[in-house]
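Undergrad: got a predicted structure plus its sequence, pasted below:
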Amino acid sequence: MDIDFDVAAHQFLGEQDLVYFNNSPDTLFKVFYHLYFNAFQPGSTMDVRSRTLTNPDRRVADRIANLKENEIGYHKINSLQQDNKKLDYHIEGTVLEVELARPILPETKSRFEMKFESQVPIQIRRSGRDNAEGIDYSMAQWYPKMAEYDKQGWHADPYVAAEFYGVWGDFNVTVTMDSSYMIAATGILQNPQEIGKGYIDEGQVSRKREGKFTWKWKAENVHDFVWAADRDYVHDIIRLKNGPDIHLFYQDNEEAKEWKNLPPLILEIFDFVQNTFGKYPYRKYSIIQGGDLGMEYPMATLITGNRSLRSLTSVVVHEIMHSWFQGVMATNETLYPWMDEGYASFGSTLTQRHIYQREDNGNPFLGAYSAYFSMVESGNEEPLISHADHFEHLRNYSISTYSKGAVWLYQLSYILGKDIFFSGMRRYFNEWKFKHPNPDDFVRIMEKEAGIELDWYHQYFVNTTQTIDYGFKSVVGVGGNTTVVLQKIGRMPMPIEINIEYEDGSKEILYIPLAIMRGEKKNEFDDFKRTVYSDWPWTHSYYTLTIPQEADKIKSLVIDLSQRMADIDRSNNVYPFNTSLGIDGEEIAPAQK
């Protein structure tokens, strides 16, 4: 793409030369493009959605409805050809619908040439101009972008400010604009010596030019391209020993002073994340002041920068994690936003725990669990599988995708054991990077790694709103033994781990696998003896087990001491308890192996 930018009018002319490979087994008769800037117009899908959504995002609300003509965003298509043949097309809001001049057969390619003109909207949501911190241009979702076609067909979703899904490709982008601007972008700058300002030898120098200058960028194997421009950017570089180079672009003022303290933290963040989840595959990553909060893109992120160091570090960590679980995976986050935000939240929580050595009683995700429990208690929870654009309540979208998505992973470590879980996470990253994985792909990796079936876990926790609730029904001394009856109160089944402490101070783990797992996790705790009991069928509401110790020698019993299982009522997870409960006569699962 070649862009000629008019900063006085906040408009640009663009030419796009796109070679499209049809890697599917289907013949394509149409193609679709996203025209994201068209969302920033009164009456658009994003405008109406924002004004009618329950508890809408305050960054949008009714602001689009009040935009003036010179404040809106738009893409106008001036011409479009396929293999030198003029195409028929029409624009439906934020989607360009195109009838092909010739079908694209499987395993063949076709060339599309487009000329377009665009206007950058006043900063409202991720993309635009003049954000609250005075950044001139945050150029995200800024070009006519070919929609993705996969085994589910076309994904030409209208833009309502939720999530994205992009096609893997190689980008060559040139941006010609006023030479007083510094540009930060996805990819590698191809002409640093020509640019001068902040880029000679990739170092910190400054040189003014008159008129316009052209920046040339190249990015290989990415699914989007973002850039930002400001006249007051400074540019710092952090060089990691084994890569990548980290580029910081920010305004050098009092409000953004904490950016100077980021370099040692960045080194620690990347070291931890690469060791935990896999090696970052690109040569470069840019952290760019801009946008309206924090938003991830391949090889770069836009974040607001006027923050305390703790706040700045928090948003940087979260967006860096997106480079693993969205930038490199490119999951369809419109369909599976929890595989994007939830996985990033999971990784960022662990990373911040490592950096700050937080004390969290063993579970760093208590906040995520609490948010999930509050959503359950509200009575209006929507399934995790819900399309990102179609949540009825914005609060549910936020808690589901960020918090419940993180709970999904941490609870999985309870089912599989931490060592197997993290080796599975690295295997998932290494086997599925650059491939658009979906939930089934992730689950199969974890099944292979653990030798345990997990389809039930995905079905219950992702596709339904059924909840987990286990408790002690009774604990009774019988002869020289103790008989324990457990009750499954919630509809979602889980394997059960009971931590037992005896009066003499010794401890033990009692483990009850779930029958439909077709396996069991290894003992995670080398310091504790573990007794494995027979499987608990998911159909049975009760389970009885016998402990070969007298009841008065048992100090306590705790279901899931780690609190990784998302049990919605933990008040009945601990013995001793005050109320003596009987058994209701339902069939009880068999006892010890």
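TA: Arrived safely, thanks for sending.
Undergrad: and the gap between Gly342 and Pro106?
TA: The gap separating Gly342 from Pro106 is 34 Å, by C-beta to C-beta, to the nearest Å. For every residue, glycine as well, the C-beta is placed using N, CA and C.
Undergrad: for Ile468, same thing?
TA: Relative to Pro106, and taking C-beta to C-beta, Ile468 is found at 45 Å.
Undergrad: counting neighbours, go ahead and name the busier of these two.
TA: Ile468 (21 against 11; other C-beta atoms under 10 Å).
Undergrad: who touches that one in this structure?
TA: 490, 492, 494, 565-568 (C-beta atoms under 8 Å, 6 or more residues apart in numbering).
Undergrad: nearest to Met46, of these?
TA: Taking C-beta to C-beta as the measure, Ala566 is the one of the contacts of Ile468 closest to Met46, at 33.2 Å.
Undergrad: model confidence for that closest one, exactly?
TA: Note on Ala566: pLDDT of 98.
Undergrad: so it sits against Ser370, correct?
TA: No - counting by C-beta atoms under 8 Å, Ser370 is not a contact partner of Ala566; they are 10.5 Å apart.
Undergrad: which of those two has more residues huddled nearby?
TA: Legend: neighbour count by other C-beta under 10 Å for Ala566 and Ser370, higher for Ala566 (26 against 12).
Undergrad: wait, a strand at Asn499?
TA: Yes - looking at Asn499 with DSSP: H, G, I helix; E, B strand; the rest coil, it is inside a strand.
Undergrad: now do the same contact list for it.
TA: 507-509, 557-558, 561.
Undergrad: redo that, cut-off 10 Å
TA: 507-510, 525, 528, 556-562, 574 (C-beta atoms under 10 Å, 6 or more residues apart in numbering).
Undergrad: bridged to it, which residues?
TA: Beta-bridge partners recorded for Asn499 (DSSP bridges): Ile509, Val558.
Undergrad: hmm, back to that, from the contacts of Ile468, which single one is nearest Tyr137?
TA: Ala566 (42.7 Å).
Undergrad: confirm Asn380 sits in a strand?
TA: No - read with three-state DSSP, Asn380 is coil and lies in no strand.
Undergrad: which pLDDT value belongs to it?
TA: 95.
Undergrad: so what's Val328 up against?
TA: 221-223, 277-278, 280-282, 298-299, 322, 429, 432-435.
Undergrad: tell me the secondary structure at it.
TA: Strictly by three-state DSSP, Val328 counts as coil.
Undergrad: quick one: it and Ser413, what's the gap?
TA: Val328 is 22 Å from Ser413, by C-beta to C-beta.
Undergrad: which phi and psi does the residue nearest the centre of the chain have?
TA: Centroid-nearest residue in the chain, with C-alpha atoms, centre = their mean: Asp340, separated by 2.0 Å. Dihedral pair for Asp340: phi -100, psi -70, per degrees, to the nearest 10.
Undergrad: correct me if wrong: it contacts Phe164.
TA: Yes - when contacts are counted by C-beta atoms under 10 Å, Asp340 is listed as touching Phe164 (9.1 Å).
Undergrad: report pLDDT for the residue nearest to the centre of the chain.
TA: 95.
Undergrad: ok, the nearest residue to it once chain neighbours are set aside - contacts?
TA: Nearest residue to Asp340, sequence neighbours excluded (C-beta to C-beta, 6 or more residues apart in numbering): Glu333, at 4.0 Å. By C-beta under 10 Å, 6+ apart, Glu333 lies in contact with 162-166, 296, 322, 325-326, 339-341, 388, 401.
Undergrad: please apply the same query to Thr108.
TA: 20-23, 27-28.
Undergrad: secondary structure class for the nearest residue to Ser386 once chain neighbours are set aside?
TA: Once flanking residues are discounted, Ser386 sits nearest to Ser400: 7.1 Å by C-beta to C-beta, 6+ apart. What three-state DSSP gives for Ser400 is helix.
Undergrad: who does the residue lying closest to Met177 once chain neighbours are set aside bridge with?
TA: Leaving aside its chain neighbours, Met177 sits nearest to Phe5 (3.7 Å; criterion: C-beta to C-beta, 6+ apart). Phe5 forms beta bridges with Phe12, as assigned by DSSP bridges.
Undergrad: what about Phe5, how many residues close to it?
TA: 22.
Undergrad: swap in Gln549?
TA: Around Gln549 there are 16 residues (other C-beta under 10 Å).
Undergrad: and Gln563, by the same measure?
TA: By other C-beta under 10 Å, neighbour count at Gln563 equals 19.
Undergrad: return the distance of stretch 374-392 from the chain's centre.
TA: 17 Å (C-alpha atoms, centre = their mean, to the nearest Å).
Undergrad: likewise for stretch 29-39?
TA: 23 Å.
Undergrad: got the buried residues for it?
TA: Along stretch 29-39, these residues count as buried under the neighbour rule (16 or more other C-beta atoms under 10 Å): 31-39.
Undergrad: in strands only, show me the residues you listed.
TA: Among the buried residues of stretch 29-39, the members found in strands (DSSP state E) are 31-34.
Undergrad: out of those, which one sits closest to Val120?
TA: His34 (16.1 Å).
Undergrad: list the single closest residue to that closest one in space, sequence neighbours excluded.
TA: Lys145 (4.5 Å).
Undergrad: now secondary structure and distance to Glu194 too, for the contacts of Ile468, in a markdown table please.
TA: Listed next are those as a markdown table, based on DSSP: H, G, I helix; E, B strand; the rest coil; distance: C-beta to C-beta, whole Å:
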| residue | secondary structure | distance to Glu194 |
| --- | --- | --- |
| Gly490 | coil | 64 |
| Met492 | coil | 60 |
| Met494 | coil | 61 |
| Met565 | coil | 58 |
| Ala566 | coil | 55 |
| Asp567 | strand | 61 |
| Ile568 | coil | 61 |
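Undergrad: ok, so of those residues, who is nearest Thr176?
TA: Ala566 (52.8 Å).
Undergrad: show me the contacts for the closest one.
TA: 365, 368-369, 372-373, 376, 404, 407-408, 410-411, 414, 461, 467-469, 490, 492, 494, 560.
Undergrad: now it: how far from Phe373?
TA: 8 Å.
Undergrad: ok, back up a step: tell me which element the residue nearest to Asp340 is part of?
TA: In this assignment (DSSP states H and E), Glu333 forms part of neither any helix nor any strand.
Undergrad: need the overlap of contacts for Ala566 and Phe373.
TA: 407, 467.
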